[in-house]
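Visitor: sequence first, predicted model second:
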Amino acid sequence: MSQDRRTLLKTAAVASAVPVVGLPARARAQSTTLKIGVLNDQSGVYREISGPTSTACVRQAIVDSGIAAKGVNVEVVQADHQNKPDVGATIARQWIDRDGVDVIVDVPNSAVALAVNGIVREKNKAYFNSTGGTTELTGGQCSPNTIHWTYDTYMLAKSTGGAMVKTGGDSWFFITADYAFGHDLERNTTKFVQEAGGKVLGSVKHPLQSTDFSSYLLQAQQSRAKVIGLANAGTDTINSVKQAAEFGVTRRGTKIAVLLMFINDVHSLGLNAAQGLVCTESFYWDLNDRTRAFTKRVLPSLGGNYPAMSHAGCYASVLHYLKAVADMGAAAAKASGADAVARMKAMPTDDDCFGQGSIRADGRKLHPAFLFEVKTPAESKGPWDYYKLLQTTSAEDAWRPLSEGGCSLIRT
Amino acid sequence: MAADSITATPETSRVRGLPGLQALGFNRAQSIAFLLLLAFLAIGPFFLYPVFLMKLLCFALFACAFNLLIGYVGLLSFGHAMFFGMGGYLAAHSAKVWGFTPELAILTGGAMGALLGVISGWLAIRRQGIYFAMITLALAQMVYFLCLQMRFTGGEDGIQGVPRGRLFGVFDLSADLSMYWLVAAVFLIGFLLINRVIHSPFGQVLTAIRENEPRAISLGYRADDYKMLAFVLSATLAGVAGGTKALVFGIATLTDVYWAMSGEVVLMTLLGGLGTVFGPAVGAAVIVTMQNYLAEFGAWVTVIQGGIFVICVVAFRAGIVGEIARWLRVRL
Amino acid sequence: MIEDILFQLELGLPQVVLGLVNGAFYALLSLGLAVIFGMLNVINFAHGAQFMMGAFVAWMLLAWGGIGYWWALVLSPLIVGAFGIVIEKLLISRLYKLDHLYGLLLTFGLALIIEGVFRNQFGSSGLPYSPPESLGGPPVDLGFMFLPKYRLWVVVASLVVSLATWLVIEKTRLGAYLRAATENAALVQAFGVNVPRMVTLTYAAGVALAAFAGVLAAPIYSVNPQMGSSLIITVFAVVVIGGMGSILGSVLTGFGLGLVEGLAKVFYPEASSTVIFVIMAIVLLARPAGLFGRA
């Protein structure tokens, strides 16, 4: 709320400043309104990792960009896609066709993420996906209008699978959610574990939204693997972890690697259950001075939540977009989403969340991936002090090579 | 009571309609309502967002198909999402992979609905009331499981990027307005078909079975055959609705086979008015509009939907159209 | 050959035990549904939401009032049961003269409301809740497997509560009134029994059973607003298989299906959540009234 007021005050100040400073008609002629739509889950399982926190981060990016001072007015709208692809698609179309939205940001849930991807391309707007994990966005369905910012399943598998073996976890057992997302994660991780010299001893596939995982954990224990890889998401992951703690799985030295986890999941599990888990994120609020500075700025408007990598991605992508806008002019950015994205790809990125980086031709944003271990309650010194860094995979190594993605934008 | 409704219905269908519409089985009030509906279909896309209207019409057809079962046979299916969702998958697959033209893709969706309807109807139709609801729910859960497992459905990504194609291989449907006319036509055909069925002798027997099954059987009607036919018809039209929706959005996903979708169609029908001709369409319109325009309120959408459910059941069982009809003393 | 069988046993036996633990939850939840259905003829679709409320109330008691697990086990069912009384008085009592389907639809709506409100209030990724000190600690060695003490407690608690409910309904005067009122409410009323109040209390008792299961579940399952809705459909299947309204049937089927599911998790894990529905379809075709129901 205070964020809104600050944005408001700042815009008001700028508006009133214009005649006083006497910037001539040029500034007024430039004054174009850009509209950013934050489309995500405001009510379902992804609310904490996207939801209102993403919107607040986008607003922060607008303030930090100082774009208002350049005579560009930026508005933010948000909506809940309820994890229904048709709802998401209708909102996206309506935003673009009727409300003049220029950019769509966030979009968790791969079915909705891909649906929006098609629409934005058809309408030539810009699309920065932060919370979706599917590599299709930069692969078979890559688009000149899309940037996939924060993470994808390939990077998670590479960082967690590869780096774990280096720290001694060389035999694995997978507990996998029985659908494409889980299968992909398991297959990719298996590949990196084996490349790094580890072995996979077995795997079990469970139905989506299971409640009880003790049976699978037991099968994992019976395999005597050193690492249990959880290739599932959301509530399934939380239930697996909670029950692994209950069965004392980690007490006997077995590590649990969660292939997709956000800091908000750790928070809801509590350190008692989550301690010792290993997971990959590309952002952590307490990573360095810049991430801490960002967190300090944005925290008052988050209502108690902390930013995860997904939120950081919303911030950083919008910030970079507004830099491109300042560079090419708002009217040109508004006229063609593809041009704006092309400009963004041409400029190096630099922001408080991910540091310096770049965007590849297929729309993949490149930055390092961090392997974290969750602290024990004794190690944790304050609120949300949850991670310690185990390994870093560099921006060059973390992502799927251009040649393997099959993106049609790359013709060499 | 039973005797009343058996004799009462043919009588009302004999009430004079507007010239020309009589043949469709409409009475005077229904004829006026139908003309209003036609007018809405014709001018709607020029005032409202066509994609939104198309979605509304797909759900309206789905709800009308569902109403055929609960409103005229008295069977509450809690698994209708399986026909809707599978119809969508098959239409999307046939349009995208087999290169079917849109009208064929939609028919394929309908055929899928019919096939599933035959299988699940054979299992479910022997049971009544709550047992019928439960067994349809169970079957729908199995279909959901299959959709999650099968390769061609694309798991949680769904089938994406389905082309709308060219109608009869000629008319390009990629513009929203051209697609809209196709959807409106599909809806209208489905709507009139259901209406024709309701007012046919077959429909009268269905109503008789709903009111008093033993009596209908004692009169020599093979109740199970009638119910089965109605079930398959309802499933087919649900499949058509699902298939059309898949083409409109170019996607077919798990949401449409999930059990919450089965609950949603019950809500639409109940809100509009069980057993009324126009009710389900009105109910669908209200719910879809709500989902669309309340999207920014997040989780409150579910709360509001739940609230509508409760209010409808406790105080408002005739639904919107049912209440209006009672107020105007006509059948709608 | 024998080694093979032994190996399968070694693999299977722990799963049987774990299956029983899950069965304990199915039994408790389907018991509550059966009690409500037997007396009110209402399929309580809100049962999952009330199960979730039980877990959340336990969390609130701890987080806001510092009240621990054991008190929560008593207080939470009472609080949620009181909520059940309000629901029954205000809403459900208006539907007794109507088709059963309206009860199903009403409680479905209630489930949506309850879930939505909790999601607005608490988000959806879940809240932490630890097992009590006395049941924590290292798992117990059963010889063939290690089982956390808490899981043993779940089975014991579920069995005791199920047995107690069965005794109350089958062996006490109150139970006799209840059973009589299901057969002929008017007659029982004529004997001077306050039937409407009995109905209200029965609903509250069924809801309290759900809340009790919720508190039991809080330390081992994720406490989130949708925890009930993912379970409730399975529990419906359990109730249908057992025979609607049959107390003994719901308890036995609950444990039995927990076992079957446990075994499915070893031999065909992908289908473990669907196997119950397959059984349900078969049972409905062969014995429409369920395994233990009266036709």
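Guide: Perfect, I can see it now.
Visitor: going forward, measure contacts between C-alpha atoms and count neighbours the same way
Guide: OK.
Visitor: test my guess that C:Gly254 contacts C:Gly23.
Guide: Yes. Between C:Gly254 and C:Gly23 there is a contact at 5.0 Å, judged by Cα atoms under 8 Å.
Visitor: lowest-pLDDT helix or strand in chain C?
Guide: Ranked by mean pLDDT, DSSP states H and E, the helix or strand of chain C with the weakest confidence is strand C:140-141, at a mean of 79.
Visitor: what does the helix or strand that comes right after that one rub up against?
Guide: Elements were assigned by DSSP states H and E; along the chain past strand C:140-141, the next helix or strand is strand C:146-147. The set of residues external to strand C:146-147 that reach it, using Cα atoms under 8 Å, 6 or more residues apart in numbering or on different chains, is A:247, C:139-141.
Visitor: of those residues, which are in range of chain B?
Guide: Subset of the contacts of strand C:146-147 in contact with chain B: empty, counting by Cα under 8 Å from any Cα of the partner chain.
Visitor: tell me how far the residue most central in space within chain A lies from A:Thr55.
Guide: Note on chain A: the residue nearest the mean C-alpha position is A:Ser310, at 2.9 Å, using Cα atoms, centre = their mean. Applying Cα to Cα, to the nearest Å, the value for A:Ser310 to A:Thr55 is 11 Å.
Visitor: strands of the stretch 101-250 of chain A, start to end?
Guide: Ranges of strands within the stretch 101-250 of chain A are A:103-106, A:126-129, A:146-148, A:171-177, A:199-206, A:227-231, based on DSSP state E, counting those that start in this stretch.
Visitor: just checking the fifth one against chain B, any contact.
Guide: Yep, that's strand A:199-206 we're talking about. No. On the criterion Cα under 8 Å from any Cα, strand A:199-206 is out of touch with chain B, staying 11.4 Å away.
Visitor: who are the packing partners of that strand?
Guide: If you count contacts as 3 or more Cα pairs under 8 Å, 6 or more residues apart in numbering or on different chains; DSSP states H and E, strand A:199-206 packs onto strand A:171-177, helix A:180-195, helix A:214-222.
Visitor: any buried residues in the second one, and which?
Guide: Applying a neighbour-count criterion of 16 or more other Cα atoms under 10 Å in any protein chain shown, the buried positions in helix A:180-195 are A:180-186, A:188-194.
Visitor: of the residues you listed, closest to C:Leu127?
Guide: Relative to C:Leu127, the closest of those is A:Gly182; by Cα to Cα it sits at 24.3 Å.
Visitor: is it correct that that closest one is in contact with A:Phe174?
Guide: No. Between A:Gly182 and A:Phe174 there is no contact under Cα under 8 Å: 9.9 Å.
Visitor: between those two, which contacts overlap?
Guide: By Cα under 8 Å, 6+ apart, A:Gly182 and A:Phe174 have these common neighbours: A:Ala231.
Visitor: so is B:Gly79 in a helix, a strand, or just coil?
Guide: coil (DSSP: H, G, I helix; E, B strand; the rest coil).
Visitor: who are the contact partners of it?
Guide: Applying Cα under 8 Å, 6+ apart, we find B:Gly79 in contact with B:133, B:136-141, B:259, B:262.
Visitor: just the ones of the residues you listed in helices?
Guide: B:133, B:136-141, B:259, B:262 (DSSP state H).
Visitor: out of those, which are close to chain C?
Guide: B:138-139, B:141.
Visitor: out of those residues, the closest to chain A would be?
Guide: Nearest to chain A out of these is B:Gln141 (Cα to the nearest Cα; 12.1 Å).
Visitor: wait, the closest one touches C:Phe277, no?
Guide: Yes. With contact defined as Cα under 8 Å, B:Gln141 counts as touching C:Phe277 (7.4 Å).
Visitor: list the contacts of the nearest residue to B:Gly279 once chain neighbours are set aside.
Guide: Closest residue in space to B:Gly279, ignoring its immediate chain neighbours: B:Gly272 at 3.9 Å, by Cα to Cα, 6 or more residues apart in numbering or on different chains. Residues near B:Gly272 by Cα under 8 Å, 6+ apart: B:278-284, B:318-322.
Visitor: and the residue of the stretch 51-200 of chain B closest to chain C?
Guide: Of all residues in the stretch 51-200 of chain B, B:Ala138 sits closest to chain C, at 5.4 Å by Cα to the nearest Cα.
Visitor: if I look at that residue, how far off is B:Pro280?
Guide: Separation of B:Ala138 from B:Pro280 (Cα to Cα) stands at 24 Å.
Visitor: who's more crowded, the two?
Guide: B:Pro280 (35 against 26; other Cα atoms under 10 Å in any protein chain shown).
Visitor: could you say which helix or strand holds that one?
Guide: Judged by DSSP H and E, B:Pro280 forms part of helix B:279-293.
Visitor: helix or strand right after that helix?
Guide: Next along from helix B:279-293, by DSSP H and E: helix B:300-315.
Visitor: so where's the chain shaky on pLDDT?
Guide: With no chain named, the answer covers chain A. Within chain A, the segments meeting pLDDT under 70 span A:1-31, A:411-412.
Visitor: wait, I meant chain B there
Guide: Looking at chain B by pLDDT under 70, you get B:1-23, B:295-299.
Visitor: run a quick neighbour tally on residue 126.
Guide: You didn't pick a chain, so chain A it is. For A:Ala126, using other Cα under 10 Å, the count is 29.
Visitor: I was after chain C.
Guide: So C:Gly126, with other Cα under 10 Å, has 27 neighbours.
Visitor: distance of it relative to B:Ala325?
Guide: Remark: distance between C:Gly126 and B:Ala325 (Cα to Cα) = 46 Å.
Visitor: helix or strand: which one has B:Arg215?
Guide: helix B:213-218.
Visitor: repeat that for A:Gly357.
Guide: Per DSSP H and E, A:Gly357 falls inside strand A:355-359.
Visitor: hmm, who's touching that strand?
Guide: A:147, A:290, A:344-350, A:365-367, A:395.
Visitor: rerun at 7 Å
Guide: A:345, A:348-350, A:365-367 (Cα atoms under 7 Å, 6 or more residues apart in numbering or on different chains).
Visitor: can you check stretch A:163-181 too?
Guide: For stretch A:163-181, contacts defined as Cα under 7 Å, 6+ apart pick out A:182-183, A:186, A:193, A:196, A:198-208, A:216, A:220, A:225-232, A:391, B:148-149, B:155-156, C:270.
Visitor: can I get the buried part of these as one ChimeraX selection?
Guide: Buried subset of the contacts of stretch A:163-181, written as a ChimeraX selection, criterion 16+ other Cα under 10 Å:
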select /A:182,183,186,193,196,198,199,200,203,204,205,206,207,208,216,220,225,226,227,228,229,230,231,232,391 /B:148,149,155,156 /C:270
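Visitor: looking at the helices and strands packed on strand A:199-206, which is closest to B:Gly117?
Guide: For these, proximity to B:Gly117 was assessed by Cα to Cα; helix A:180-195 is nearest, at 27.9 Å.
Visitor: immediately after the helix or strand hosting B:Leu35, which helix or strand?
Guide: Here B:Leu35 sits within helix B:28-47, counting by DSSP H and E. Heading C-terminal from helix B:28-47, the first helix or strand you meet, by DSSP H and E, is helix B:50-72.
Visitor: that following helix close to chain C?
Guide: No. Helix B:50-72 lies out of reach of chain C by Cα under 7 Å from any Cα of the partner chain, never closer than 10.7 Å.
Visitor: leaving out chain neighbours, which residue sits closest to residue 268?
Guide: Using chain A. C:Leu127 (5.0 Å).
Visitor: my question was about chain B, not that one.
Guide: Using Cα to Cα, 6+ apart, the closest residue to B:Met268 is B:Gly283 (4.4 Å).
Visitor: I'd assumed B:Thr269 was in contact with the one you found.
Guide: Yes. In this structure, B:Gly283 is within contact of B:Thr269 by Cα atoms under 7 Å, at 5.8 Å.
Visitor: so which bits of the stretch 151-300 of chain A are right by chain B?
Guide: A:179-180.
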